[in-house]
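Asker: turn this into a structure:
(2 chains)
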Amino acid sequence: MPSSESPFKLMRTPRVVDIAITSSCNLQCLYCYHFNNPELDYKDLNAVEWQTFFKELGNLSIMSVCLAGGEPFVRKDLPEILDGIVENRMRYSILSNGMLINDKLAELVSLTGRCNGVQVSLDGSCPEINDICRGAGSFAGAVRGIKILQNYKIPVTVRVTISKYNLRDLDKTVQFLLDDLGIEFISTNSAGFLGSCKLNSENVQLDLLERQEAMKALLNLAKKYKTRIGAAAGPLADARIWREMENSRLNGAIVQGKGRLTGCGCAFSKIAVRSDGAIVPCNMLSHIILGWINKDSLQDIWQCSSELNRIRSRSKIALDEFVQCKGCKYVSYCTGNCPGLGYNLTGNIYSPSPDACLKDYLAAGGVIP
Amino acid sequence: MSIGKKPVKNPTIVLREEFDNWAILYNPDTSDAIGINPVGISIWKMIDGTRDVTDFEEEIKRNFRQVPASISSDIESFLNELEKKRYIKQHFGE
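Answerer: Next up, the predicted model:
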């Protein structure tokens, strides 16, 4: 029997805050999780409002912020925003499409000395593949942005989102990024059923056979490139987790922290803020408003919010309480997967997400790679 | 030797306390960090450029139980480690 004690330790304040610094973007990707979300208010705060918030974060000893959006580099007042982060003794990372990065912006980032890295999204080895989902000119712009960041010695990683369009280009994409461009690390994901992807799901999301193909290809690539390819979600993560689950089951292993809704420990170490200043548990759970920046105390929310504490207590809910998990031979090795994706698929974050359900995958004819 | 020296904090260093009474000292310029125990936290909070090892030792003996006989040299080692990491500067004050 799994222990009911949480495998996660609550920090006094979040270590990291994910911030949607803008709701604007120069692209409209077919699978974007940010746009076409009826629960978001697409409104931006000014730099002074963010600076006031950064002062609070500094007083709470937050270590770093992750700036996303939208596209952070669309903000003309990015220098003031970065000043606010640096003045309050934090580091930062940026998630970007890379297109707007120029020498002036790269120099700005470099001179702060506090950037953990810029993650650029790129989905293919050529414009013909990449630009289908991400828009005309996005390949050239991203590659130009990556090269500029490299020139300024800013750590740069790439996120490859796998869809129907780039599935058969994975080998070339990885080779292009890791060998030709010399990127140190790339992460992979797949288009999830969120935002714009909900509208384009049939054209974008992988079906069972494609998912299997992606897993196989990515496992081979990860074998070749070792730690230079990672995944927190998507086919590579699924393949690794499912292999581990199957091995544990065959060995009769008792695995701590499994068999309950422990699929996400984020609520124990990080929190998120929307572009309109709403404090939310995660950018994928942006409908759960815990409070507002510069109005409510982040520390009070972090330590006392009943909603946030309820999310943390997910880890005490046993999977075998759910009808869909009854009789599953993997139940003792499962975590119930991502609550954000689960919410978007089922409308409920207090149940397992069907997206990475091994039982369903096998029942549909899938094979563990 | 730290005796007589009055350490001053590097103002960039962040003290991040946790619920278990331990903490980390973190340098956002380098990402370098060290974990410190409750005695370390107490010393860090006392560092203000006016107090030296003797002052820290007295305060620790007042506030903690079962203080080891080696406390003075333990504090010195801790301060020397912080200095090596550039978390503090030690100088002979007025």
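
Asker: which residue ranges of the stretch 201-350 of chain A form helices?
Answerer: In the stretch 201-350 of chain A, the helices defined using DSSP state H, counting those that start in this stretch lie at A:208-225, A:235-251, A:298-304, A:306-312, A:339-346.

Asker: sketch out the low-pLDDT regions of chain B for me.
Answerer: Low-confidence regions of chain B, defined by pLDDT under 70, span residues B:1-3, B:93-94.

Asker: and the closest residue to chain A within chain B, what does it touch?
Answerer: As assessed by C-beta to the nearest C-beta, chain A sits closest to B:Arg16 within chain B, at 4.0 Å. Where C-beta positions appear, they are placed from N, C-alpha and C, glycine not excepted. Contact criterion C-beta atoms under 8 Å, 6 or more residues apart in numbering or on different chains gives A:Arg12, A:Thr13, A:Arg15, A:Ser61, A:Met63, B:Ala23, B:Ile24, B:Leu25, B:Tyr26 as the residues in contact with B:Arg16.

Asker: could you rerun that using 10 Å?
Answerer: Remark: with contacts taken as C-beta atoms under 10 Å, 6 or more residues apart in numbering or on different chains, B:Arg16 is in contact with A:11-13, A:15, A:60-63, B:22-26, B:33.

Asker: now render these as JSON lines, adding distance to A:Asp44.
Answerer: As requested, those are arranged in JSON lines below (distance: C-beta to C-beta, whole Å):
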{"residue": "A:Met11", "distance to A:Asp44": "29"}
{"residue": "A:Arg12", "distance to A:Asp44": "30"}
{"residue": "A:Thr13", "distance to A:Asp44": "25"}
{"residue": "A:Arg15", "distance to A:Asp44": "26"}
{"residue": "A:Leu60", "distance to A:Asp44": "23"}
{"residue": "A:Ser61", "distance to A:Asp44": "27"}
{"residue": "A:Ile62", "distance to A:Asp44": "21"}
{"residue": "A:Met63", "distance to A:Asp44": "25"}
{"residue": "B:Trp22", "distance to A:Asp44": "39"}
{"residue": "B:Ala23", "distance to A:Asp44": "35"}
{"residue": "B:Ile24", "distance to A:Asp44": "33"}
{"residue": "B:Leu25", "distance to A:Asp44": "35"}
{"residue": "B:Tyr26", "distance to A:Asp44": "30"}
{"residue": "B:Ala33", "distance to A:Asp44": "33"}
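
Asker: just the ones of those in strands?
Answerer: In strands, judged by DSSP state E, the following of the contacts of B:Arg16 are found: B:Ala23, B:Ile24, B:Leu25, B:Tyr26, B:Ala33.

Asker: just among the residues you listed, which is most surrounded?
Answerer: Going through the ones in strands among the contacts of B:Arg16 with other C-beta atoms under 10 Å in any protein chain shown as the criterion, the one with the most neighbours is B:Tyr26, at 24 neighbours.

Asker: of the contacts of B:Arg16, which is the nearest to A:Leu208?
Answerer: Taking C-beta to C-beta as the measure, A:Leu208 lies nearest A:Arg15 of the contacts of B:Arg16, at 37.4 Å.

Asker: show me what the longest helix seen in chain B is packed up against.
Answerer: Using DSSP state H to define each element, chain B has its longest helix at helix B:71-84. Here helix B:71-84 is seen to pack against strand B:32-36, helix B:38-46, helix B:53-63, strand B:88-89 when contacts are counted using 3 or more C-beta pairs under 10 Å, 6 or more residues apart in numbering or on different chains; DSSP states H and E.

Asker: coming back round to it: tell me the secondary structure of the residue of chain B closest to chain A, please.
Answerer: Local secondary structure at B:Arg16 is given as strand here, using DSSP: H, G, I helix; E, B strand; the rest coil.

Asker: partner residues bridging it?
Answerer: B:Arg16 has these beta-bridge partners by DSSP bridges: B:Ile24.

Asker: give the contact list for B:Asn63.
Answerer: Taking C-beta under 10 Å, 6+ apart, we find B:Asn63 in contact with B:Pro38, B:Val39, B:Ser42.

Asker: over to B:Glu18?
Answerer: When the contact criterion is C-beta under 10 Å, 6+ apart, the partners of B:Glu18 are A:Lys9, A:Leu10, A:Met11, A:Arg12, A:Thr13, A:Arg15, A:Ser61, B:Ile24, B:Gly35.

Asker: and the furthest pair within those residues?
Answerer: A:Leu10 and B:Gly35 (17.3 Å).

Asker: who has more neighbours out of the two?
Answerer: Neighbours per residue (other C-beta under 10 Å) separate A:Leu10 from B:Gly35, with A:Leu10 holding more: 15 against 10.

Asker: ok, back up a step: want to throw the helices and strands packed on helix B:71-84 into TSV with distance to A:Cys328?
Answerer: Listed next are these as TSV, based on distance: least, C-beta to C-beta, whole Å:
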stretch	distance to A:Cys328
strand B:32-36	40
helix B:38-46	45
helix B:53-63	54
strand B:88-89	56
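
Asker: which phi and psi values does the closest residue to chain B within chain A adopt?
Answerer: In chain A, the residue that lies nearest chain B is A:Ser61 (4.0 Å; C-beta to the nearest C-beta). The main-chain torsion angles of A:Ser61 are listed as degrees, to the nearest 10 and equal phi 60, psi 40.

Asker: contacting residues for it?
Answerer: Residues counted as contacts of A:Ser61 (C-beta under 10 Å, 6+ apart) are A:11-13, A:15, A:88-90, B:14-18, B:23-24, B:26.

Asker: among the helices of the stretch 201-350 of chain A, which comes closest to A:Glu71?
Answerer: Closest approach to A:Glu71 among the helices of the stretch 201-350 of chain A is made by helix A:339-346 (20.8 Å; C-beta to C-beta).

Asker: name the surrounding residues that touch the closest one.
Answerer: Counting contacts by C-beta under 10 Å, 6+ apart, the residues outside helix A:339-346 that touch it are A:33, A:37, A:192-195, A:197-198, A:233, A:261, A:263-264, A:266-267, A:281-288, A:311, A:314, A:324, A:336-338, A:348-357.

Asker: over to stretch B:45-53?
Answerer: The set of residues external to stretch B:45-53 that reach it, using C-beta under 10 Å, 6+ apart, is B:1-9, B:15, B:17, B:23, B:43, B:55-56, B:58-60, B:71-73, B:75-76, B:78-79, B:82, B:87-94.

Asker: can you say which of these are buried?
Answerer: With neighbours counted using 16 or more other C-beta atoms under 10 Å in any protein chain shown, the contacts of stretch B:45-53 contain these buried positions: B:2, B:5-7, B:9, B:15, B:17, B:23, B:43, B:56, B:60, B:71-72, B:75-76, B:78-79, B:82, B:87-88, B:90.

Asker: quick check: residues of chain A near chain B?
Answerer: Remark: the part of chain A in contact with chain B comprises A:9-13, A:15, A:58, A:60-64, A:85-86, A:88-92, A:112-114, A:116, A:303, using C-beta under 10 Å from any C-beta of the partner chain.

Asker: which of those are buried, as a PyMOL select command?
Answerer: Applying 16+ other C-beta under 10 Å to the residues of chain A next to chain B, the buried members can be selected in PyMOL as follows:
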select buried, chain A and resi 11+12+13+15+58+60+61+62+63+64+85+86+88+89+90+91+92+112+114+116
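
Asker: in helices, which of the residues of chain A next to chain B appear?
Answerer: When helices are assigned by DSSP H, the members of those inside them are A:Gly58, A:Ile85, A:Val86, A:Thr112, A:Gln303.

Asker: cheers, nothing more for now.
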